[in-house]
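The sequence isn't on hand, but the structure is:
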Ligand code: ADP
Ligand code: ASP
Ligand code: MG
């Protein structure tokens with residue numbers, strides 16, 4: 001029986017911890033089925049199980065010091081496929097029809113920059129077809145296919161968030177639910193700051209700022225995509241039914257506090273170059289070379305040389 005089009009479409013995304021063990025996969029399957037039984041059409045995006053992506057990266061490094069990016073993407077995309085096929089099996093056991101799709105089968109078209117590809121287009125007709133057949137559709141997160149080379153690509157670490165948001169935007173989803181291992185977005189990382197507060201609502205702008213400065217609970221690109229396509233996010237726990245955090249446009253949020261959250265990052269290094277010639281064009285050459293190597297640079301500090309012939313210190 002075809003599903004009437006008035007049904008709401010929900011995109012649900014489950015992170016690595018939410019599908020780590022067999023019981024977790026069955027729990028995710030039960031949530032997906034519950035959403036379906038409430039009358040929604042459901043697309044679920046899954047991450048690789050537990051630390052599987054890290055294990056795959058380590059596997060590549062056992063064989064090669066500098067794994068070929070195209071082949072690394074072939075390898076890394078496997079993790080999400082495993083999660084989706086297993087979850088489809090669990091959904092079948094609950095008496096529902098599900099189909100798992102790779103990013104490529106789901107129509108996620110990207111550029112060709114392996115390991116950090118950008119989504120250029122979502123050709124979701126196959127997903128729509130399966131939804132019309134009354135199926136739950138499971139999509140492998142974090143991956144796509146290059147429109148030029150037709151090779152498998154991956155979207156950068158944490159990229160399943162972006163897959164989910166892109167699908168919600170393309171399919172006109174009412175909400176994109178991001179299921180994770182914490183109760184929502186907090187005023188600081190709840191694993192490090194025990195009395196951090198769960199924030200019921202944050203604006204896209206606040207969330208962008210937080211993601212950019214280290215709060216990995218939502219991938220930065222996913223938040224950018226959600227803001228650009230007006231996709232509301234609901235970030236919540238896989239292990240608890242309580243509502244989590246809504247990420248909405250600024251005008252939908254009420255009066256906001258001046259300070260929303262404190263973030264941290266363990267993935268930055270400070271580099272200081274001493275004796276840098278203090279003349280126009282020198283900084284441009286340095287940062288041009290870094291940009292050419294795709295190195296993200298933040299917080300640039302340059303002091304005045306003590307004496308003209310001394311050179312400046314440049315830190316970033
Ligand atoms: P998933 O595998 O579900 O995508 P992630 O590990 O990518 O989950 O993101 C969830 C983690 O983000 C939490 O376990 C938490 O430690 C961390 N985190 C960092 N900052 C925050 C924050 N401000 N609020 C909530 N979680 C945060
Ligand atoms: N599995 C990928 C990662 O660990 C993508 C994701 O989880 O979103 O980065
Ligand atoms: Mg994540």
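Looks like it arrived, so ask away. Not measured: the values here are computed from a predicted model. Numbering: from 1, shown residues only. Ligands and ions are numbered 1, 2, ... in the order given.

Please make it C-alpha for all contacts and neighbour counts, starting now.
Will do.

doesn't residue 86 make contact with residue 48?
No: look at residue 48 against residue 86 with C-alpha atoms under 8 Å: they stay out of range, at 11.1 Å.

These two - which one has more neighbours?
When residue 48 and residue 86 are compared for neighbours, residue 48 comes out ahead with 28 against 16, by other C-alpha atoms under 10 Å.

Just say helix, strand or coil for that one.
On the three-state scheme (DSSP: H, G, I helix; E, B strand; the rest coil), residue 48 is labelled coil.

go on, residue 247?
Under three-state DSSP, the three-state class of residue 247 is strand.

contacting residues around it?
Counting by C-alpha atoms under 8 Å, 6 or more residues apart in numbering, residue 247 makes contact with 201-204, 207, 232-235.

what do you get for residue 7?
With C-alpha under 8 Å, 6+ apart, residue 7 has these contacts: 39-41.

Tell me the spacing between it and residue 43.
Look at residue 7 and residue 43: by C-alpha to C-alpha, to the nearest Å, they are 13 Å apart.

Also residue 213?
30 Å.

Those two: which has the busier surroundings?
Legend: neighbour count by other C-alpha under 10 Å for residue 213 and residue 43, higher for residue 43 (30 against 15).

The more buried one belongs to a strand, doesn't it?
Yes: the assignment for residue 43 (three-state DSSP) places it in a strand.

Write out the residues of the stretch 1-150 of the chain neighbouring ligand 2.
15-16, 47-48, 53, 142 (C-alpha under 6 Å from any ligand atom).

change it to 5 Å
Neighbours of ligand 2 within the stretch 1-150 of the chain, by C-alpha under 5 Å from any ligand atom: 47-48, 53.

okay, the residues you listed in TSV with pLDDT and distance to ligand 1 next?
Compiled in TSV, these are given as follows (pLDDT from 0 to 100; distance: C-alpha to the nearest ligand atom, whole Å):
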residue	pLDDT	distance to ligand 1
47	98	7
48	98	8
53	98	11
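
how about those in JSON lines, adding distance to residue 222?
Below are those laid out as JSON lines (distance: C-alpha to C-alpha, whole Å):
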{"residue": "47", "distance to residue 222": "14"}
{"residue": "48", "distance to residue 222": "17"}
{"residue": "53", "distance to residue 222": "19"}
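
Who wins on neighbours among the contacts of residue 247?
Neighbour-wise, those (other C-alpha under 10 Å) top out at residue 233, 29 neighbours.

ok, that residue touching residue 176?
Yes: using C-alpha under 8 Å, residue 233 makes contact with residue 176 at a distance of 4.9 Å.

still on that earlier bit, check the contacts of residue 7 for burial and list the buried ones.
Buried subset of those (neighbour count, 16 or more other C-alpha atoms under 10 Å): 40-41.

Now flag whichever of the contacts of residue 7 is closest to ligand 2.
The closest of the contacts of residue 7 to ligand 2 turns out to be residue 41 (C-alpha to the nearest ligand atom; 22.6 Å).

Need phi/psi at the residue nearest to the closest one when sequence neighbours are not counted.
Spatial nearest neighbour of residue 41, excluding adjacent residues (C-alpha to C-alpha, 6 or more residues apart in numbering): residue 9 at 4.7 Å. Residue 9 has phi and psi values of phi -100, psi 130 when expressed as degrees, to the nearest 10.

tell me the contacts of residue 9?
40-43, 171-175.

how about CSV for those residues, with distance to residue 128 added?
Listed next are the contacts of residue 9 as CSV, based on distance: C-alpha to C-alpha, whole Å:
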residue, distance to residue 128
40, 14
41, 10
42, 11
43, 10
171, 8
172, 11
173, 12
174, 15
175, 17
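
Out of those residues, which one has the weakest pLDDT?
Ranked by pLDDT, those bottom out at residue 174 (73).

Three-state assignment for the most centrally placed residue in the chain, please.
Per C-alpha atoms, centre = their mean, the C-alpha nearest to the average position across the chain is that of residue 161, at 2.9 Å. Of the three states, residue 161 takes helix under three-state DSSP.
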